[in-house]
Every structure is written in C-alpha cells, then in structure tokens.
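Student: Any chance you could fold what I've pasted below:
(one chain, ligands or ions: 2)
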Amino acid sequence: MLLANKTVIVTGASRGIGRAVALECARQGARVIIGHSGSAQGRTAAFSLMEEISGFGSHGIEVGSDAADPDTGARLVTAALDAFGGVDVFVNNAGICPFHSFLDMPRETYLRTVDTNLNGAYFAVQAAANQMKKQGSGGAIIAVSSISALVGGGMQTHYTPTKAGLHSLMQSCAIALGPYGIRCNTVLPGTIATDINQEDLADEEKRAYMIRRTTLGRLGAPEDIAGPVVFLASDMARYVTGAALLVDGGMFVNLQ
Ligand SMILES: NC(=O)C1=CN([C@@H]2O[C@H](COP(=O)(O)OP(=O)(O)OC[C@H]3O[C@@H](n4cnc5c(N)ncnc54)[C@H](OP(=O)(O)O)[C@@H]3O)[C@@H](O)[C@H]2O)C=CC1
Ligand SMILES: C[C@H](O)[C@@H]1OC(=O)[C@H](O)[C@@H]1O
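Tutor: Ligands and ions are numbered 1, 2, ... in the order given. Model (predicted):
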C-alpha cells in the first residue's frame with residue numbers, strides 16, 4: 001500500500017474529485033480527514049464516505065468548514081491531530097466554478113470564487129505546512145489546480161486566475177518548504193464530469209466539443225485524478241517537488 005499509516009487531509013472530499021482522492025488514499029492505507037463545506041448536503045455525503053472508508057478497514061473523519069474561511073486549514077489540522085496524531089499529506093481540492101460572463105461579473109461572485117479557491121487555500125497550506133514542520137518528518141502537499149491554469153475560459157475569468165494562483169503557490173512553496181522535506185506539487189485536471197460542470201455539460205454541443213478536444217476521446221472521471229494525486233503523495237514521488245502534472249486525456253496538446 002502506497003500510503004500505509006499516513007494521515008491525509010483532503011478538502012472538498014464529500015463529492016467529485018476530492019471524494020475519489022479520499023477513497024483511493026484510504027484504499028492505499030491512509031487515514032483521511034474529509035473536508036466539506038458544512039452544508040447539510042456536504043455533511044450527508046461526508047458521512048456516507050466515512051462509512052465506505054471504514055468498510056475497507058481504514059478511518060475517515062469529516063470536518064465541515066468553509067474553504068474561504070482563513071481558519072479552516074487550522075480546523076482541519078486540529079482534527080487530524082486530535083483523531084490521528086499528525087498530518088502527512090495535505091490535498092487542497094475544494095473549489096467552485098460558477099460560470100459567468102466577464103463584463104457583468106457580479107463582484108460577489110468574483111470575490112467568493114477567489115476566496116474559496118485561492119485565499120482560503122493559502123492559509124490552509126500554511127497551517128498544514130507548519131504542522132508538518134513541527135513533526136519533523138517532511139510531508140507532501142498537492143494542489144488540485146486545472147488545465148485552466150494554462151489556458152483561458154471566457155466564462156471563467158474569475159476562476160482561471162485562482163487555478164494559475166494555486167499552481168504558482170505550489171511552485172513557491174516547493175522552495176519555501178523544501179528545507180523541511182515537504183514536497184509541493186500540482187495536479188492539473190482537464191474536464192472531469194462532476195457536479196461542478198453538470199449544468200455546463202448538459203449542453204450537448206458543448207459536451208461533444210469538450211470530448212473532441214481530448215485525444216483519448218472521453219471526459220475524465222474523478223477516479224482518473226485519484227491515482228496521480230496518490231502517486232505525488234507517496235514515496236514513489238520522493239524526489240518530485242515543484243512539479244505540475246497535467247491529467248487531461250490529451251486536451252491541452254490537441255491543437256491540430
Ligand atoms: N471537474 C472538473 O472538470 C475540474 C475540476 N477541477 C477542480 O477540482 C476541484 C474539485 O472539483 P469537482 O470535484 O469537479 O467539484 P464538485 O462540485 O464535484 O465538488 C466540490 C467539492 O468542494 C467542496 N466545496 C465547495 N465549496 C466549498 C466551500 N466553500 N468550503 C468547503 N468545501 C467546499 C464541496 O463540498 P460540499 O459537498 O460540502 O459542497 C465538494 O466536496 C475544484 O477545485 C475544481 O476547480 C479542476 C479541473 C477540472
Ligand atoms: C468546471 C469546468 O468544467 C472544468 O473546470 C476546470 O478547471 C476546467 O476548465 C474544466 O473544464
């Protein structure tokens with residue numbers, strides 16, 4: 001097992017990519033802190049994930065706390081300490097993408113997106129890193145960024161800068177935290193069918209276009225992202241830091 005006896009925090013683990021990541025970490029032997037928004041729906045989903053995880057002999061603890069809140073990272077770390085005695089891996093995954101046009105972007109939508117996807121993440125990574133430094137045995141931090149860190153989206157002008165920001169944060173943290181043996185990497189998913197884009201991809205033309213953009217001929221599934229995250233979290237990637245792994249079914253390179 002790649003993550004035996006490790007404690008992993010995954011934000012946004014109640015659904016979609018985060019859920020698949022949390023499950024695969026647990027399958028690989030890790031104890032998991034399941035972050036979610038704290039909504040009734042998030043809590044119910046997190047409890048069902050806890051059950052699924054205990055079903056194959058591992059442990060999961062749910063923590064509901066708004067990713068936009070700068071104190072959420074500390075709450076997650078405290079939960080990991082209380083339940084499992086430390087933190088070995090932090091996966092920053094929680095995020096939102098309320099599609100909207102640029103010229104009339106509501107200020108509130110912009111600010112909420114940046115606070116949820118980037119500002120909260122900054123403080124959460126900081127809280128996890130300080131705990132890892134205190135433990136003195138290194139660690140791994142992985143940010144779930146996006147192909148959108150590299151390319152634009154006309155309805156995502158508030159979103160793509162947060163994904164570029166996460167990618168850049170991991171690069172700088174790889175420098176800041178290398179001396180403590182803490183590795184920092186980014187995973188950049190392409191288009192993965194989850195709740196975040198269910199409405200957008202309900203448009204058959206758009207869906208077909210996004211599939212055509214891949215070279216593998218399909219949208220991604222949350223499980224497609226879990227393996228790459230576990231790899232980066234594990235000792236298999238012990239000399240990998242400051243790296244960015246595009247997991248997009250060939251979407252980015254597919255120009256002509
Ligand atoms: N799907 C895709 O095509 C791609 C997704 N990504 C990124 O992957 C990440 C996960 O997305 P995906 O799984 O698709 O999305 P989902 O909408 O399926 O899941 C989002 C997760 O984030 C949590 N979340 C949302 N808002 C908050 C908040 N304010 N505080 C705490 N938790 C919150 C949700 O919790 P709750 O259940 O409580 O609401 C849920 O667990 C995001 O960062 C997204 O940008 C990147 C590239 C492509
Ligand atoms: C929500 C989008 O469909 C999804 O998120 C991203 O980061 C990419 O832009 C994907 O297409």
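Student: so Arg183 sits in a strand?
Tutor: Yes. Counting by DSSP: H, G, I helix; E, B strand; the rest coil, Arg183 falls inside a strand.
Student: Number of residues surrounding it?
Tutor: 25 (other CB atoms under 10 Å). C-beta: built from backbone N, CA, C; applies to glycine.
Student: how about the closest residue to it other than its chain neighbours, what does it touch?
Tutor: Distances taken as CB to CB, 6 or more residues apart in numbering put Thr241 closest to Arg183, at 4.0 Å, once the chain neighbours are dropped. Listed by CB atoms under 8 Å, 6 or more residues apart in numbering, the contact partners of Thr241 are Ala174, Gly178, Arg183, Cys184, Asn185.
Student: What of Ile175?
Tutor: Residues near Ile175 by CB under 8 Å, 6+ apart: Gly242.
Student: confidence score at it?
Tutor: If you check Ile175, the pLDDT there is 99.
Student: Could I get the buried residue list for whatever helix or strand it lives in?
Tutor: When elements are assigned from DSSP states H and E, Ile175 belongs to helix 160-177. Residues of helix 160-177 classed as buried under the neighbour-count rule (16 or more other CB atoms under 10 Å) are 160-167, 169-171, 173-174, 177.
Student: so which of those comes closest to Asn92?
Tutor: Nearest to Asn92 out of the buried residues of helix 160-177 is Leu166 (CB to CB; 7.0 Å).
Student: so that closest one touches Ile141, yeah?
Tutor: No. Counting by CB atoms under 8 Å, Leu166 does not reach Ile141; the two are 10.8 Å apart.
Student: what is in contact with those two at once?
Tutor: Jointly contacting Leu166 and Ile141 under the rule CB under 8 Å, 6+ apart are Asn92.
Student: Quick check: Gln171 touching Asn185?
Tutor: No. Taking contact to mean CB under 8 Å, the distance of 9.4 Å between Gln171 and Asn185 leaves them out of contact.
Student: near ligand 1, which residues of the chain?
Tutor: Where proximity means CB under 6 Å from any ligand atom, the interface of the chain facing ligand 1 comprises 12-18, 36-37, 39, 41-42, 45, 66-68, 93-97, 116, 144, 146, 189, 191-192, 194-197.
Student: Which ones among those map onto helices?
Tutor: Using DSSP state H, the members of the residues of the chain next to ligand 1 that fall within helices are Gly16, Ile17, Gly18, Gln41, Gly42, Ala45.
Student: Would you quantify the distance from the closest residue to Phe123 other than its chain neighbours to ligand 1?
Tutor: With sequence-adjacent residues excluded and distances taken as CB to CB, 6+ apart, Phe123 is closest to Pro70, at 4.2 Å. Pro70 sits 12 Å away from ligand 1, taking CB to the nearest ligand atom, to the nearest Å as the criterion.
Student: ok, how many other residues are close to Pro70?
Tutor: A count of neighbours around Pro70, defined by other CB under 10 Å, yields 15.
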